[in-house]
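J.: Quick one, what's the 3D model for this:
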Amino acid sequence: MKTRNIVVVGSSAGGVEALKVFVRNLPASLPASIFVVNHFPSDSQSNLEKILAAERTLPCSAASNGGSIEPGRIYVAPPGYHLLLAEHEMALVYGPRENRQIPSIDALFRSAAVAFGPRVIGVLLSGTHYDGVAGMEAIAKAGGILLVQEPLDAMHPELPLNAIRQLDISHSRPAAELASLVAELAGEQVMEGPVPSSTIRLEAEIAAGKVITADEMQLLGDPSSLICPECGGALWNMRETEVDRFRCHVGHAFAAEELENLQGRDVERALWFAMRTLEDKRQLYRTLADAETARKAPTIQAEYVRKAEEAGEHAGVLRALLSQWSEHHTLELR
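T.: Next up is the predicted model:
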């Protein structure tokens, strides 16, 4: 029989500290391979593998394209590439972003579910937003185990909370206790799990760079009237998922809540642009009015003054709307 020997770990904000605690409490004899995605800016030079190697429990290195999978080691996804798993090796792929992230936790978790099924232990640590929740769902459907950091133990509890709210989580523990639990679970024999659905397999292939057709998109979901914030293409509402999600035919993917956040940012950006344009118009009309005053043309000067006042009033309306917008989103964050 096969054993649980694949551990996939995802985190974002506050994740480095949580990962250090998690790794520090792992046994040096762990009979499993650990794969880590922590969100960093794509242009950053992550030293996470060195930070985790300093904990001196398990050897830790950056994941490599085509690298073999060895037990008792930690592999860290480098910035700018999805870390994907196959039965005997890793792959680093510059594929479409998921929830605007590359590397994506969802992409790693989904590929692990397809390749290893019930042998997978999925772990979500401190973080924000939703990247990782859909991947955890894929692991569960393949017969794997779901672990999340206890939200009260997390520097940023939003990601663990989102997983707990939407999925049937096996265990929620502080980071140190999660490490002990992983040590207990690793090496256990497992029965064959459910065969991953064609939808999960297709999504895993998209992360690996597969170009999909319109017919294949219809296998994944239903067309919506929404537009992809990444490429401007049409978004499809995914079926067969507990996590409300959308994808475009290029492969960009979004949890519904993440899409809402991005749309909100676009609206706010548009409002700021409109207000700035109106302020510029007001200043231009004032300048033109001063010029007509010098030319002793009171009728034209009065018209420019009227237009300046009108632009100022419209800018004031937008300024008040932006203030209300800011207060609303501040309350949502509390």
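
J.: Could you give the secondary structure assignment for residue 96?
T.: Of the three states, residue 96 takes coil under DSSP: H, G, I helix; E, B strand; the rest coil.

J.: ok, it - contacts?
T.: Neighbour list for residue 96: 206-207, 230, 250-253 [criterion: C-beta atoms under 8 Å, 6 or more residues apart in numbering]. The C-beta positions use only the backbone N, C-alpha and C, and glycine is treated the same way.

J.: Name the spans of the stretch 201-334 of the chain whose pLDDT lies under the cut-off.
T.: Within the stretch 201-334 of the chain, the segments meeting pLDDT under 70 span 263-268, 322, 325-334.

J.: Please enumerate the helices of it.
T.: 214-220, 256-294, 298-333 (DSSP state H, counting those that start in this stretch).

J.: Who are the packing partners of the first one?
T.: With contacts defined as 3 or more C-beta pairs under 8 Å, 6 or more residues apart in numbering; DSSP states H and E, the packing partners of helix 214-220 are helix 198-207, strand 234-238.

J.: Mean neighbour count added to the ones you listed, as a markdown table?
T.: Shown next, in a markdown table, are those (neighbours: other C-beta atoms under 10 Å):
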| stretch | mean neighbour count |
| --- | --- |
| helix 198-207 | 21 |
| strand 234-238 | 19 |
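
J.: excluding its backbone neighbours, what's nearest residue 81?
T.: Leaving out its chain neighbours, the residue that sits closest to residue 81 by C-beta to C-beta, 6 or more residues apart in numbering is residue 92, at 4.1 Å.

J.: Can you tell me the SS state at that neighbour?
T.: Per three-state DSSP, residue 92 ends up strand.

J.: Quick check: beta-bridge partners of it?
T.: Beta bridges link residue 92 to residue 83 when assigned by DSSP bridges.

J.: Would you confirm that it contacts residue 83?
T.: Yes - Residue 92 is in contact with residue 83 according to C-beta atoms under 8 Å; the separation is 6.3 Å.

J.: So which of these two has more stuff around it?
T.: Between residue 92 and residue 83, counting by other C-beta atoms under 10 Å, residue 83 is the more crowded of the two (28 against 19).

J.: I'd like the mean pLDDT over stretch 31-42, please.
T.: Confidence for stretch 31-42, expressed as mean pLDDT, is 89.

J.: ah, wrong one, I meant stretch 61-72
T.: Rounded mean pLDDT across stretch 61-72 is 96.

J.: got the buried residues for it?
T.: Using 16 or more other C-beta atoms under 10 Å as the test for burial, stretch 61-72 gives 62-63, 69, 71-72.

J.: rewinding a little: of all the helices of the stretch 201-334 of the chain, which one is nearest residue 135?
T.: helix 256-294 (13.6 Å; C-beta to C-beta).

J.: Give me the neighbour count for the closest residue to residue 176 other than its chain neighbours.
T.: Spatial nearest neighbour of residue 176, chain neighbours left out: residue 25 (4.7 Å); criterion: C-beta to C-beta, 6+ apart. Counted by other C-beta under 10 Å, the residues lying close to residue 25 total 19.
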